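J.: Below: sequence and its predicted model.
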Amino acid sequence: MLKRGKTYEDVYKAFSWNIPEHFNIGTDISDRLADGTNRPAIITEDKSEKVLTYTFDDLSRLSNRLANALVANGVERGDRVGVLMDQSVETALSHIAILKIGAIAVPLLSLFGPDALEYRLGHCQAKGLICDADNIEKVLQIKDNLPDLRIVIVANSECPDDVQDFWALIEKGSSAFSAAPTTPDDPAYIIYTSGTTGAPKAALHGHRMLLGHLPGIQFVGNFFPQPDDLVWSPADWAWMAGLGIVLLPSLHFGVPVVAHRMKKFDPERVFHFLSKHRVKNSFFPPAALNMMRLIEDPKTKWDLKMRTVVSGGQALGKDVFEWASNVMGVSVNEMYGQTEVHLATGKCSQIMDIKPGSVGRATPGRIVELLDGSGNPVAPGEVGEAAIRSPDPIMFLEYYRDPDATANKFNGPWCMTGDMMRKDEDGYFWFVGREDDMIKSSGYRIGPDEVESCLRKHPAVHMAGVIGSPDPVRGSIVKAYIHLKRGVNQSDPGLAKDIQDFVKARLAAYEYPREIEFVEQLPLGLTGKVLRRELKQKDAESKKRM
């Protein structure tokens, strides 16, 4: 457990790891808390929006039944089982049952199309898949192309041939189950990276992943948990943030989690949901907060009871930070991490100065450094690649079936992130950009995130994507694709120059976008990040036509 302290230094120095010999995530977040007191674990709604509550005793009993059903259908320790469902009690039960068996859960986003699903299920050689009614048609399209996939279970639907019903299996299963005696280093999850460069990589995590998350969650959650805490986030539980920040740690600490299927992000629905359920704790990607910013006067429309708001995935920006802190009534604690090694840095507003735009300092138990190309630490203020020192329980075990990629991820004891940052004199980290997104212009290295953050402060700009566009003189120039706010006239002849001057006055003169293109929308990934690779392709195609 994280010990309270008056300063960041007090908390960071006082922390030490205590990893048990045996640990199973499934039993930890269900059986351990099933004490007959009917403590709420998962709160959800049916189609009529009636609130349903599942206790830890329910999770223990129902997951045991599902585990027995999976074993009866041939699932064994070490087998891979996909979970393709939105937030729901079925999703939680599936994870718990798979982990109790000692099998490996493979979370899959419902937004994936058939090709994306086929690649991931085929790559990990999944033996089983549990999905919901909204996803079964995609699964049936690819099922014959997956020879290892022997069992498909669907929740809340009439079952086609060769597909089994989730709740019918649970009804048949025994409520007694002996979980596999797993160690912290035994595999628990395969989580696929977003695949921004090349094919998605399969990050294999051990049961220790949950243990590794706990001090960081307590830290960015302002010493989470506190009495009456209640957690909900729009982040999909198939994403590392939804799984590692929201679902697993909350259940470990006995804090109820609200499960809500949100097919499309709706800012008004989000505010309504936060108010209706009196949510105290949430995680929001920056893109979500930016969309919520479009709602007028949310404080007068909804009664929010937030205690903590965490954000991560990309730089938040001072403007979004100030808006969110004002509307939510709490400082937003930004954090940074990757699928391979999550929650590397973060903020705890109770014991730290909050510097908007910074991703904080190293979370307790974590050693983070910025290294140059030779593997040496850079001086404060200089740009270097963020690296996390191993061993660390939150760190992935390996890339599944890819030893070369695993070896390339490390430089000695350092897990290299590919993310470029600066560290100031106070030890705060500032995200600059991905190494492969860095813009080299006239000998200068320019981070696109910093430029995008500055652009969003302009009163006419809603969102922006920044890339390096080839230039015969400078090597590259900064080019910005900009989605304007509602009501702004993009044909205004002075608008582009006004935006350029705005950036030039706030950043270094060489960082302003020499070329601006206004667009109706920006390409966004599944987690709300701007897909710069698509902007680069768009730029290349436009150059060919010139």
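T.: Done, it's in.

J.: Every contact and neighbour count from this point should use C-alpha atoms.
T.: Noted.

J.: can you give me the offset of the longest helix seen in the chain from its chain's centre?
T.: Ranked by residue count under DSSP state H, the longest helix found in the chain is helix 56-72. Distance of helix 56-72 from the chain centroid (Cα atoms, centre = their mean, to the nearest Å) equals 27 Å.

J.: May I have that helix as PDB, with CA atoms only?
T.: What follows is helix 56-72 as a C-alpha-only set of coordinates in PDB (Å, rounded to 0.1, in the frame of the first residue of the first chain):
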ATOM      1  CA  PHE A  56     -18.400  -9.600  -5.000                       C
ATOM      2  CA  ASP A  57     -20.100 -12.800  -3.900                       C
ATOM      3  CA  ASP A  58     -21.900 -12.800  -7.300                       C
ATOM      4  CA  LEU A  59     -18.700 -12.300  -9.100                       C
ATOM      5  CA  SER A  60     -17.000 -15.200  -7.300                       C
ATOM      6  CA  ARG A  61     -19.900 -17.600  -7.700                       C
ATOM      7  CA  LEU A  62     -20.700 -16.800 -11.400                       C
ATOM      8  CA  SER A  63     -17.100 -16.700 -12.500                       C
ATOM      9  CA  ASN A  64     -16.600 -20.100 -10.900                       C
ATOM     10  CA  ARG A  65     -19.500 -21.400 -12.900                       C
ATOM     11  CA  LEU A  66     -18.100 -19.900 -16.100                       C
ATOM     12  CA  ALA A  67     -14.600 -21.200 -15.400                       C
ATOM     13  CA  ASN A  68     -16.000 -24.800 -15.000                       C
ATOM     14  CA  ALA A  69     -17.900 -24.400 -18.300                       C
ATOM     15  CA  LEU A  70     -14.800 -23.200 -20.100                       C
ATOM     16  CA  VAL A  71     -12.800 -26.100 -18.700                       C
ATOM     17  CA  ALA A  72     -15.500 -28.500 -19.800                       C
END
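
J.: Secondary structure class of the spatially most central residue of the chain, three-state.
T.: In the chain, the C-alpha closest to the average C-alpha coordinate belongs to Ala241, at a distance of 2.9 Å (Cα atoms, centre = their mean). With DSSP: H, G, I helix; E, B strand; the rest coil as the basis, Ala241 sits in helix.

J.: for the stretch 51-200 of the chain, what spans make up the strands?
T.: Along the stretch 51-200 of the chain, counting by DSSP state E, counting those that start in this stretch, strands occupy 51-55, 80-84, 104-107, 128-132, 151-155, 164-165, 187-192.

J.: Could you dump those strands into TSV with distance to Ala97, mean pLDDT and mean neighbour count added?
T.: Shown next, in TSV, are the strands of the stretch 51-200 of the chain (distance: least, Cα to Cα, whole Å; pLDDT from 0 to 100; neighbours: other Cα atoms under 10 Å):
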stretch	distance to Ala97	mean pLDDT	mean neighbour count
strand 51-55	16	96	15
strand 80-84	10	98	27
strand 104-107	9	98	27
strand 128-132	11	97	24
strand 151-155	13	92	21
strand 164-165	16	94	18
strand 187-192	11	97	26
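
J.: Tell me which of the ones you listed sits nearest to Val257.
T.: In terms of Cα to Cα, the element of those nearest to Val257 is strand 51-55, at 9.9 Å.

J.: Mind putting the strands of the stretch 51-200 of the chain into TSV with distance to Ala387?
T.: Output for these, formatted as TSV (distance: least, Cα to Cα, whole Å):
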stretch	distance to Ala387
strand 51-55	40
strand 80-84	30
strand 104-107	26
strand 128-132	35
strand 151-155	40
strand 164-165	45
strand 187-192	20
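
J.: List just the one of those strands that sits closest to Glu515.
T.: strand 187-192 (34.8 Å).

J.: Tell me the first helix or strand C-terminal of that closest one.
T.: Downstream of strand 187-192, the first helix or strand assigned by DSSP states H and E is strand 202-206.

J.: helices and strands around that following strand, which ones?
T.: Counting contacts by 3 or more Cα pairs under 8 Å, 6 or more residues apart in numbering; DSSP states H and E, strand 202-206 packs against strand 187-192, strand 398-399.
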